[in-house]
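1. Output the structure for:
(one chain, ligands or ions: 1)
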Amino acid sequence: MRNVDVLLHRDFEIGVTDRRLFGAFIEHLGRCVYGGIYEPGHKTADKQGFRRDVLELVRELAPTIMRYPGGNFVSGYNWEDGVGPADGRPRRLDLAWMSTEPNSFGTNEFIDWCRQAGIEPMLAVNLGTRNADAARNLVEYCNHPKGTALSDLRRKHGWEKPHAVKFWCLGNEMDGPWQMESKTAVEYGRIAVEAAKMMKWIDPSIELAACGSSGRNMPTFGAWEDTVLEHSFEHVEYISLHTYINNYAGDTPAFLGACDLMDSFIDEVVAIADAVAARRRSNKRVMLSFDEWNVWYRTRRYRKERVKEGWPVAPPILEEIYNMEDALAFGGACISLLNHADRVKAGCLAQLVNVIAPIMTETGGPAWRQTIFHPFAHFSNFGRGRVLRTQVDSPTYAAKYFDPRGAQDLYYPLPSVPYLKLAAVHDDKAGMLTLFALNRSLSEEMPLRVAAKGFGQMRVDSALQLRHADLQAINTREAPDRVAPAPLDGVRVDGEQLHATLKPASWNVIRVTIAR
Ligand code: AHR
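-> Below you'll find the predicted structure:
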């Protein structure tokens, strides 16, 4: 491949990454909670039943905010079922995943788990089968200090201090027919506003995310955001986006190009949100919460199959096993999020453990890192700071991406995918410039030249790559480190120019210290 050139300047930035960009998601779904983060009786469990081996991996992964309790699950959830003495909690049929929910783990346990992990909680309220009243009651239970029935109930349950949850989601995927009590945009817009008003009257310090479309390929995408924001603009800080990248077609170049559609999706939602602002002559900017994103296409739990299986507690469902090429597609998504740091202010990798997750566990056994664990850990640990504008001069390829979910057009043309996808983050405090670089060529090495202007003296701090000769390689209980980062040799700095050679089909993280 010919030289690939990147130009950047210290003073030209896209935006500063918000801490909340690096979040993840725990849903009452399969073995995410039960057998995932929570397994009383496991040999590493603490006295609350939290698996310490999982907590250790979570700390290494470094998510910053955690969405809970769903997902589709939240649209049928009674939060009251999950608080109070554990032995008095009801078992319920969960119609989202056709499972039995024992409710042994609920809001208070989740908050305790977040505190242990050093993670900010993000709670979603049920705007499917419940309403604004249940939502405001949950805010009062969690955040009101004391002296009312609900705040005193929390204290009676053993949590004296308010949970001070700041970030709340107004329902989940309310446009999707699979959702319990899905809604039209007008119906949802109305209930979202009424819930938002009351929730903020109880605690004016909270921030709210309205549901955007559950995917860019929903037939109502665009019109949905416009109508929902037309109703809720004054009451919310965020609109949500969801994307699951797939490789149903077995077309790796298209799969690796799909993250570029995330860029388009973000730009389109920004345009709609700003159009709603323009109609009001408002300078308020609604920010984006990309609160579900990942690679996901192999595992589903269709209602028909679920019924045959009965109503198990925590069945092993949606346990996607990620391979090397999934990690590359996933890394591309991380770069898309970084390069929109000006407007995407929160993000949640869906999900955390076992269910389409970076961490896998065996119930009663060990926990290990899936391939996608690594790009996320790099993204979160090294992605804090000022994302710089970059000009990339790379050869391109053409592809067509197949995305069947609810779409009218099943194929999305990608006429010009640059082989290089890159983000550059400058952490001024640490004096570090980090380059995240994906070489999407499956066969050719990429000679990369980065002209980094305005930094003065630079020195290579570290460089690593994630790659494997077999794009189908996976990590397993027996071989948990088959796909793991390794040093990237040969990176050098020459004045303002950085040189590296990126292997075909590789995810690379190059860190450069800057003399100040
Ligand atoms: O993350 C799995 C599911 O995907 C979530 O429950 C739902 O919101 C989405 O459709």
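2. avg pLDDT for stretch 82-99?
-> Average pLDDT, stretch 82-99: 96.
3. List the contacts of Val269.
-> Val269 sits next to 212, 225, 239, 241, 288 when contact means Cβ atoms under 8 Å, 6 or more residues apart in numbering. Bear in mind the C-beta positions are built from the backbone N, C-alpha and C, glycine included.
4. gap between it and Ala341?
-> Distance, Val269 to Ala341, by Cβ to Cβ, to the nearest Å: 15 Å.
5. Look up phi and psi at Tyr77.
-> The phi and psi values for Tyr77, taken as degrees, to the nearest 10, are phi -90, psi 130.
6. Give me the neighbour count for it.
-> 30 (other Cβ atoms under 10 Å).
7. Look up which residues are beta-bridged to the residue of the stretch 251-400 of the chain found nearest the ligand.
-> Closest contact between the stretch 251-400 of the chain and the ligand, by Cβ to the nearest ligand atom, is at Ala350 (4.1 Å). Beta bridges link Ala350 to Phe25 when assigned by DSSP bridges.
8. So which bits of the lowest-mean-pLDDT helix or strand in the chain are buried?
-> Lowest by mean pLDDT, DSSP states H and E among the helices and strands of the chain is helix 303-308, with a mean of 74. For helix 303-308, the neighbour count (16 or more other Cβ atoms under 10 Å) marks Arg306 as buried.
9. helix or strand for Asp11, which one?
-> strand 4-16 (DSSP states H and E).
10. let me fix that: Leu288
-> Using DSSP H and E, Leu288 sits within strand 287-295.
11. Run through the residues of the stretch 251-400 of the chain sitting next to the ligand.
-> Neighbours of the ligand within the stretch 251-400 of the chain, by Cβ under 6 Å from any ligand atom: 292, 350-351.
12. List of residues touching the least confident helix or strand of the chain?
-> So helix 303-308 is contacted by 97-99 (Cβ under 8 Å, 6+ apart).
13. repeat for stretch 256-263
-> Contacts of stretch 256-263 (Cβ under 8 Å, 6+ apart): 216, 243, 245-246, 293, 325, 328-329, 332-333, 335-337, 339-340, 397, 399, 401, 403, 412, 414, 417, 421, 438, 440.
14. same check, this time on stretch 89-101
-> So stretch 89-101 is contacted by 28-30, 70-73, 75-76, 78, 81-82, 102-104, 106, 180, 301, 303, 306-307, 309, 311-315, 317 (Cβ under 8 Å, 6+ apart).
15. Now do the closest residue to Thr396 other than its chain neighbours: how many residues are near it, please.
-> Leaving aside its sequence neighbours, Thr396 sits nearest to Ser416 (Cβ to Cβ, 6 or more residues apart in numbering; 4.5 Å). Ser416 has 11 neighbours, counted by other Cβ under 10 Å.
16. any chance of the contacts of helix 303-308 in TSV, with secondary structure too?
-> Formatted as TSV, these follow (DSSP: H, G, I helix; E, B strand; the rest coil):
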residue	secondary structure
Trp97	coil
Met98	coil
Ser99	strand
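17. Can you add neighbour count and give the residues you listed back as a markdown table?
-> Below are these laid out as a markdown table (neighbours: other Cβ atoms under 10 Å):
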| residue | neighbour count |
| --- | --- |
| Trp97 | 26 |
| Met98 | 21 |
| Ser99 | 25 |
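18. May I see the residues you listed arranged in a markdown table, with distance to Asp274 as well?
-> Output for those, formatted as a markdown table (distance: Cβ to Cβ, whole Å):
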| residue | distance to Asp274 |
| --- | --- |
| Trp97 | 37 |
| Met98 | 41 |
| Ser99 | 41 |
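19. Keep only those of the residues you listed that are also close to the ligand.
-> Okay, of those, nothing touches the ligand (Cβ under 6 Å from any ligand atom).
20. Which single one of these is nearest to the ligand?
-> Using Cβ to the nearest ligand atom, those come closest to the ligand at Trp97, 8.1 Å.
21. Distance check, Asp112 against the ligand.
-> 23 Å (Cβ to the nearest ligand atom, to the nearest Å).
22. Give the other helices and strands that the helix or strand hosting that residue contacts.
-> According to DSSP H and E, Asp112 maps onto helix 107-117. Helix 107-117 sits against helix 52-61, strand 65-68, strand 120-125, helix 132-143, with contacts defined as 3 or more Cβ pairs under 8 Å, 6 or more residues apart in numbering; DSSP states H and E.
23. packing partners for the first one?
-> Put plainly, it is helix 52-61. helix 107-117, strand 359-361, strand 367-369, helix 373-382.
24. Return the most buried member of those.
-> strand 359-361 (a mean of 25; mean count of other Cβ atoms under 10 Å).
25. Contacts made by that one with the rest, please.
-> Applying Cβ under 8 Å, 6+ apart, the contact partners of strand 359-361 are 31, 35-36, 39, 51, 53-54, 57-58, 61, 319, 321, 352-354, 367-370, 373, 475, 477.
26. do the same with stretch 507-516
-> 327-328, 331, 374-375, 378, 382, 426, 431-439, 452, 455-467, 485, 488, 491, 493, 498, 500, 502.
27. Can you say which of the residues you listed are buried?
-> Buried among the contacts of stretch 507-516 by 16+ other Cβ under 10 Å: 327-328, 331, 374-375, 378, 382, 426, 432-439, 452, 455, 458, 461, 463-467, 485, 488, 491, 493, 498, 500, 502.
28. Which stretches in this protein count as helices?
-> In the chain, the segments counted as helices under DSSP state H are 52-61, 107-117, 132-143, 149-156, 185-202, 223-232, 252-257, 259-279, 303-308, 324-338, 373-382.
29. circling back to that earlier point, strands - which of the buried ones among the contacts of stretch 507-516 land there?
-> In this view, the buried ones among the contacts of stretch 507-516 that belong to strands under DSSP state E are 426, 432-439, 452, 458, 461, 463-466, 493, 498, 500, 502.
30. Tell me where the model's unsure across the stretch 151-300 of the chain.
-> Nowhere does the stretch 151-300 of the chain drop to pLDDT under 70.
31. re the thing from before, could you dump the residues of the stretch 251-400 of the chain next to the ligand into TSV and include neighbour count?
-> Converted to TSV, these look like this (neighbours: other Cβ under 10 Å):
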residue	neighbour count
Glu292	25
Ala350	27
Gln351	27
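32. that older thread, what's the most buried one of the helices of the chain?
-> Counting by mean count of other Cβ under 10 Å, the most buried of those turns out to be helix 324-338, with a mean of 26.
33. So in terms of bridging, what pairs with Pro487?
-> Here Pro487, judged by DSSP bridges, has bridge partners Leu464.
34. Now do the closest residue to His378 other than its chain neighbours against Gln497, distance only.
-> Excluding the flanking residues, the one nearest His378 by Cβ to Cβ, 6+ apart is Val509, at 4.8 Å. Separation of Val509 from Gln497 (Cβ to Cβ) stands at 19 Å.
35. So for Lys450, what pLDDT did the model give?
-> No, residue 450 isn't Lys; it's Val. Reading off the model, Val450 has pLDDT 98.
36. And for Tyr302?
-> pLDDT recorded at Tyr302 is 75.
37. Can you give me the separation between it and Leu318?
-> In terms of Cβ to Cβ, Tyr302 sits 12 Å off from Leu318.
38. Those two - which one has more neighbours?
-> Neighbour tally, Tyr302 and Leu318, criterion other Cβ under 10 Å: the higher count belongs to Leu318, 22 against 9.
39. Relative to Val236, how far out is the closest residue to Glu181 other than its chain neighbours?
-> Nearest non-adjacent residue to Glu181, counting by Cβ to Cβ, 6+ apart: Gly128, 4.0 Å away. Distance of Gly128 to Val236, computed by Cβ to Cβ: 18 Å.
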